[in-house]
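Trainee: Structure for this input, please:
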Amino acid sequence: MSLDIPSVEKWLLTGTWPANQDESSSTTLKIAKSLVDGEFESVLTSGPAQTLFKHSADIDIDSTSISGLFQSHTSLSDDAAQGELLCLMIAVSCLHAFVQANWTGPDLSITPLKVLTQSSDHTLSLSEDILDQKAIFELAHGGEPAYHLAKHSAFLRIAQILLAQTFTHVATVKWWQLRAQIVHQQVLDEPVYILSDDLGSFASIESLYSSEPELVGRLRLEQGLLQHLFTQDKAAEYFVRAARATGLEYELSGALGKRTKFQQTDLSQLVVLAQSRLSIDDSVTSPAVEQQKEKSVPETLALNDDTLLEHTQFTSSNTDPSNKSILSHLDPSSQPPLHPLDQSILLGMCLNVRNTSPIHGLTSEEMLPYVSRVISHPRNWSVHTMALLLRSRLESSRTRTVERATLQLQALVDQMPTADSTVSERLRYFHEILLPSKWDMEKELAERYISLGVIKSSLEIFERLEMWEEVVKCWVSMEQPEKGLRIVVDLLEGHKLESEAVMKRGKASSGDRRKVLDINREAKLLCLLGDLEPARAVEHYEHAWEVSKHSSGRAMRSLGGYYFARAEYAKAIECLQKTVAINPLLSRSWFILGCSCMRLEDWEGAETHSADVWNNLASMYLRMGTKPKAKSNTDDAEDDPSFAYSTESAKSIPYENKMLAFRALQRGLKHSYDNWRMWSNFMIVAMDVGQLAEACRALGRVVEETVDKTGAKAVDEQVLERLVDGVTRAPSNLEEAVEGGDTQNAAMNPNEGHGLLRSVLDLFERTILPRVSSSRIFRAYAKLLTWQGRWDDALKAHLDSYRSSSAGTMEKGETDVAKWREAIAEVEDIVDVLRNFGPRVDGFKWKLQARSIVRTFIGRTKDYEDEPEWSRLTDLQEEVRKEDQ
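Mentor: As a prediction, the model looks like this:
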């Protein structure tokens, strides 16, 4: 019976083995079953593994890379397809063994050295430490060193090498390369961007599993996680596509409930309604199994607060009655369990949130319901760990929850070595979340201690993790920078040994080997020394650059920042160009590079894909031609690339410069579509250069992005009125507006009159009025409707304007005389509008409406009868009464 390779690949990807599959009939199936069950020692000591790692000659590790320690997969089986599958399984076993050792736990029972030497008849002159440090050196990428205390790092390197071999019969090797790449990026100090061509297209894999929604969802989610590591905006797109693939239905809604123990009135509370379409075994959702699941996942610590409730208590089983969503039938307090993959997608959406300003993006209050929806039904060890970690991060900034946040994080760190769940359970959805490594989790705990002022405890953690940069920061914060400096100097001079240097005790080792293994971290330490000794900073940064053989992006980044701070922009540009060539993900380096180019007026060099640089390029265009203000010794304005674009300053700016700024902002918005600040700048400049259609679009985007937080202030009413003026200054009759009266063939100017009308109407009716109401907005809308001759709608808009005005909202007992006088003018205006518009609207009793408005206002403001302006009201009332006779 032939081996069903596609099915085996599917089982490996999902980490599940079908209950009805008998593996005893094939050695390959036995290995696959062991791999799915997390029995990596069994896989790596199997016959095919011994064949793969058998050495044909004596090997000297000093002159050989790890790839020279084993053979090609062609030697594993007479069947080429089966040989490729066996090689893939050994690679996956190495990858997951590395993950188990550094992410999920518990400790491994096998080491890379044992795997490589188990069947060798020849000498392999290396130890476990030397092998791991060789792997650490080879894992360094793009000038970024790999974490030197990662356990059994050779397993990751072996997995990379095996997955890089040529595969023609195994379809999913590219997917496993993606998974290995995500793990590798998390081992580096900073992620290093890779071109999409390096991984290739995944369309063939999607097509292969088009009838498997879970697999398609997994693939898209993992692609999104890689983009998230690279801080790419397209990550959100992949997460949404993953939700579509699995059929996950979700929405952020509101329901009445209580959050505190003493709350008497039910208030609307945020809640995420979500429902899975992926099948969940009914037996898995039974109460007994649910209770057993909770025992095999990390403990969820109680809040134990004297005010806040443990969970939001929803008092209504229905959400917003006006909500016609297909999820409106769900009870917020009793939602069905989600599939673990759908839980991972919700957590991915939370990871992708970026709060770039106080009124932009999801806040912690909006993120927490997503996390709470996942925590409410523990389904998997890794997914639940990630959810608890995200909740800990969100709660760390609140006084009443910071204690639970810190204790929860400590509990997550402590539970890594435990065996409360199986290895296969912990790895099943590991690739669908960005669970931090053990050292990153401990680093986060140390940083949490720093935020609480517990510097000594954080220092102990950083020293144990040998994160020397953080150690130095701790000593500086304790006002003892000399101790931090002493540590760095001792490490560079060899007086203080890092953990990997212990391998040299009692062993002969050449100085060359030490240099080969340590160049990346030595360069990093030299950069740190340059930070601590500003007087010799350039010397240390340049030394780091040479030591790293021109591969340390950190060295050029530090040197570029040093030159920029001292206004040596040409030198800064030279250094920063080398930095972004090594690692283009460093947005701060791009920003300073762009600013340096602009200071030298190198506009071509300033053009990048960074939205911030485009924004600053626009500000530099607007600076040109303006008179420089007097600068005092304490004035830092020259170091601030922003520009105050006021009406006064705009007068001295040439039109050509304004158009260049307009185009720069237009380009920048392609890279930062959700940046409301840039849209606001674009709107103002567009108005000034006469691009009213673009200004209209920009105002709409500003309103959409900010109205939930700022209300009516989101609308720039002055810009809105100018847009209306741009329409109404043209003749309302189209034939009169078009020269020659040829309306069918005439080209409309999109920035005035009838060409602008549709854009402004859409702005009012689709964007502003459904969200915002104010007297000034309604008045501008009425002016536009009047120009169109829509008398009925214009009259309604004027009345809405009056109801939102000071006069329409004035209550009895008002004591502000100035406000009352202003309101009198508003009453007179609305009466004049009724006189002019009322007769044009059939069936509208305008005289009755006018009399009612005046009578109501007089009744509310009788306290002002002694004021001289009171006679204006009585005279107006008399005039209206006579008109009604």
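
Trainee: where does the stretch 451-600 of the chain have low pLDDT?
Mentor: Within the stretch 451-600 of the chain, the segments meeting pLDDT under 70 span 497-518.

Trainee: And the stretch 51-200 of the chain, by the same measure?
Mentor: 55-63, 71-75, 119-125, 195-197.

Trainee: For it, which segments count as helices?
Mentor: Along the stretch 51-200 of the chain, the segments classed as helices by DSSP state H, counting those that start in this stretch run 80-99, 112-117, 128-139, 153-163, 173-187, 196-199.

Trainee: wait, which of those is closest to Ile345?
Mentor: Of all the helices of the stretch 51-200 of the chain, helix 173-187 sits nearest to Ile345, with 16.0 Å by CB to CB. C-beta: built from backbone N, CA, C; applies to glycine.

Trainee: what's the angle from that closest one to helix 153-163?
Mentor: Put simply, helix 173-187 runs at 150 degrees to helix 153-163, going by axes from the mean of the first three to the mean of the last three CA atoms, to 10 degrees.

Trainee: Export the helices of the stretch 51-200 of the chain to CSV and append columns for distance to Arg701 and mean neighbour count.
Mentor: Formatted as CSV, the helices of the stretch 51-200 of the chain follow (distance: least, CB to CB, whole Å; neighbours: other CB atoms under 10 Å):
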stretch, distance to Arg701, mean neighbour count
helix 80-99, 42, 25
helix 112-117, 54, 21
helix 128-139, 43, 22
helix 153-163, 44, 26
helix 173-187, 33, 20
helix 196-199, 29, 10
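
Trainee: And those: which comes nearest Gly15?
Mentor: With CB to CB as the measure, helix 80-99 is the member of the helices of the stretch 51-200 of the chain nearest Gly15 (9.1 Å).

Trainee: Going by contacts, tell me the helices and strands next to the closest one.
Mentor: helix 5-14, helix 27-36, helix 40-44, helix 47-52, helix 153-163, helix 173-187 (3 or more CB pairs under 8 Å, 6 or more residues apart in numbering; DSSP states H and E).

Trainee: Pull the residues that contact the third one.
Mentor: For helix 40-44, the external contacting residues (CB atoms under 8 Å, 6 or more residues apart in numbering) are 31, 34-35, 49, 89-90, 93-94, 96-97, 100, 108-110, 115.

Trainee: nearest to Asp440, of those residues?
Mentor: Within those, proximity to Asp440 (CB to CB) peaks at Gln100, which comes in at 16.0 Å.

Trainee: thinking again about what came up before, among the contacts of helix 40-44, find me the one that's closest to Leu226.
Mentor: Closest approach to Leu226 among the contacts of helix 40-44 (CB to CB): His96, at 18.2 Å.

Trainee: Please look at that closest one and Gly38 and confirm they touch.
Mentor: Yes: contact criterion CB atoms under 8 Å: His96 and Gly38 qualify, at 7.3 Å.

Trainee: Now for the two: what residues contact both?
Mentor: Counting by CB under 8 Å, 6+ apart, the residues touching both His96 and Gly38 are Leu427.

Trainee: and Glu470, how far is that from Asp189?
Mentor: Note on Glu470: its distance to Asp189, by CB to CB, to the nearest Å, is 12 Å.

Trainee: overlap in contacts of those two?
Mentor: Contact criterion CB under 8 Å, 6+ apart; residues shared by Glu470 and Asp189: none found.

Trainee: Where does the prediction get shaky in the stretch 201-350 of the chain?
Mentor: Within the stretch 201-350 of the chain, the ranges that satisfy pLDDT under 70 run 233, 281-295, 316-324.

Trainee: could I get the helices of the stretch 51-200 of the chain as a markdown table with distance to Ser372?
Mentor: Shown next, in a markdown table, are the helices of the stretch 51-200 of the chain (distance: least, CB to CB, whole Å):
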| stretch | distance to Ser372 |
| --- | --- |
| helix 80-99 | 28 |
| helix 112-117 | 41 |
| helix 128-139 | 37 |
| helix 153-163 | 34 |
| helix 173-187 | 26 |
| helix 196-199 | 35 |
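
Trainee: Compare the ones you listed and give me the one nearest Ser325.
Mentor: Closest approach to Ser325 among those is made by helix 173-187 (33.8 Å; CB to CB).

Trainee: So what's the gap between the closest one and the chain middle?
Mentor: 20 Å (CA atoms, centre = their mean, to the nearest Å).

Trainee: Repeat that for stretch 388-408.
Mentor: Remark: stretch 388-408 is offset 20 Å from the chain centroid, using CA atoms, centre = their mean.

Trainee: and what of stretch 29-37?
Mentor: Distance of stretch 29-37 from its chain centroid, counting by CA atoms, centre = their mean, is 37 Å.

Trainee: what are the C-alpha coordinates of it, in PDB please?
Mentor: The C-alpha coordinates for stretch 29-37 follow below in PDB (Å, rounded to 0.1, in the frame of the first residue of the first chain):
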ATOM      1  CA  LEU A  29       4.000   6.600   9.600                       C
ATOM      2  CA  LYS A  30       5.500   5.600  13.000                       C
ATOM      3  CA  ILE A  31       7.900   8.500  12.800                       C
ATOM      4  CA  ALA A  32       5.100  10.900  11.700                       C
ATOM      5  CA  LYS A  33       3.000   9.800  14.700                       C
ATOM      6  CA  SER A  34       5.900  10.300  17.100                       C
ATOM      7  CA  LEU A  35       6.400  13.800  15.700                       C
ATOM      8  CA  VAL A  36       2.700  14.700  16.100                       C
ATOM      9  CA  ASP A  37       2.800  13.400  19.700                       C
END
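
Trainee: Next, the buried residues of that stretch.
Mentor: Residues of stretch 29-37 classed as buried under the neighbour-count rule (16 or more other CB atoms under 10 Å) are Leu29, Ile31, Ala32, Lys33, Ser34, Leu35, Val36.

Trainee: for that stretch, what is the average pLDDT?
Mentor: The average pLDDT within stretch 29-37 is 95.

Trainee: what's the longest strand along the chain packed up against?
Mentor: Counting residues, the longest strand in the chain under DSSP state E turns out to be strand 249-260. Applying 3+ CB pairs under 8 Å, 6+ apart, we find strand 249-260 packed against strand 267-275, strand 308-314, helix 364-375.

Trainee: Go through those and name the closest to Met441.
Mentor: Ranking those by proximity to Met441 (CB to CB) places helix 364-375 first, at 17.0 Å.

Trainee: Show me what that closest one is packed up against.
Mentor: strand 249-260, strand 267-275, helix 340-351, helix 381-395.

Trainee: what about 7 Å?
Mentor: Under the contact definition 3 or more CB pairs under 7 Å, 6 or more residues apart in numbering; DSSP states H and E, helix 364-375 sits against strand 267-275, helix 340-351, helix 381-395.

Trainee: can you redo these as JSON lines with distance to Gly726 and mean neighbour count?
Mentor: Shown next, in JSON lines, are the helices and strands packed on helix 364-375 (distance: least, CB to CB, whole Å; neighbours: other CB under 10 Å):
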{"stretch": "strand 267-275", "distance to Gly726": "40", "mean neighbour count": "19"}
{"stretch": "helix 340-351", "distance to Gly726": "40", "mean neighbour count": "26"}
{"stretch": "helix 381-395", "distance to Gly726": "45", "mean neighbour count": "24"}
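
Trainee: need the ones you listed in JSON lines with distance to Ile830, can you?
Mentor: What follows is the helices and strands packed on helix 364-375, written out as JSON lines (distance: least, CB to CB, whole Å):
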{"stretch": "strand 267-275", "distance to Ile830": "35"}
{"stretch": "helix 340-351", "distance to Ile830": "48"}
{"stretch": "helix 381-395", "distance to Ile830": "49"}
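
Trainee: Let me know which of the ones you listed is the nearest to Tyr147.
Mentor: Here helix 381-395 is closest among the helices and strands packed on helix 364-375 (CB to CB), at 18.9 Å.

Trainee: what's in contact with that closest one?
Mentor: With contacts defined as CB atoms under 7 Å, 6 or more residues apart in numbering, helix 381-395 is touched by 104, 296-298, 300, 340, 343-344, 347, 350, 364, 367-368, 371, 374-375, 378, 401-402, 404-405, 408-409, 412, 421, 425-426, 429-430, 433, 435.
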